[in-house]
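Student: predicted model, plus sequence, below.
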Amino acid sequence: MVPMKSSVRPNEEAFDPQAFLAKVADGQTLIDYSDRETVFAQGDCADSIFYIHKGKVKVAVLSNQGKEAVVAILGTGQFISPALGKLIGWPRSLR
């Protein structure tokens, strides 16, 4: 196994999700999604960022033939946003 290098540069603090969430507390909305519920889809307005407080989220794309390809599985403590999909060309849906 190859050890991962830190992406934090000298004299730079690591990203702290809890500190970030505390700063944006006034704009927070807590939403519970049920199993297999779509959070956002390709083409949705990219005006939100989602923090996964608990559970897992599957990021997938669908081919023109309707076949699903899983791009990522995200979990507790990670962020996702429709803006990310616009930047890199995915996802068509996020569940």
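Tutor: Everything's here; your move.

Student: go ahead and flag the most central residue of the protein.
Tutor: I80 (1.6 Å; CA atoms, centre = their mean).

Student: beta partners for it?
Tutor: F50 (DSSP bridges).

Student: got it, and V70?
Tutor: A60.

Student: can you pull out the low-pLDDT segments for the chain?
Tutor: For the chain, residues meeting the criterion pLDDT under 70 lie at 1-12, 42-43, 84-95.

Student: how far away is the residue nearest to the centre of the chain from G66?
Tutor: 23 Å (CB to CB, to the nearest Å). Glycine gets a C-beta too; all of them are placed from N, C-alpha and C.

Student: show me where this protein has helices.
Tutor: Assigned by DSSP state H, the helices in the chain fall at 17-23, 82-88.

Student: right, and V71 touches V59 too?
Tutor: Yes. Assessed by CB atoms under 8 Å, V71 is found in contact with V59 at 4.6 Å.

Student: neighbour-wise, which of these two wins?
Tutor: V59 (20 against 16; other CB atoms under 10 Å).

Student: distance of that one from E13?
Tutor: Relative to E13, and taking CB to CB, V59 is found at 28 Å.

Student: can you map out the strands along this protein?
Tutor: With DSSP state E as the criterion, the chain has strands at 40-41, 50-51, 56-62, 68-75, 79-80, 93-94.

Student: now for the fourth one, which elements pack on it?
Tutor: Judged by 3 or more CB pairs under 8 Å, 6 or more residues apart in numbering; DSSP states H and E, strand 68-75 is in contact with strand 56-62.

Student: what about V57, distance to K23?
Tutor: For V57 relative to K23 (CB to CB), the value is 23 Å.

Student: more neighbours: the two, which one.
Tutor: When V57 and K23 are compared for neighbours, V57 comes out ahead with 17 against 9, by other CB under 10 Å.

Student: was I right about the more buried one contacting V39?
Tutor: Yes. V57 lies in contact with V39 (CB under 8 Å); the separation is 6.7 Å.
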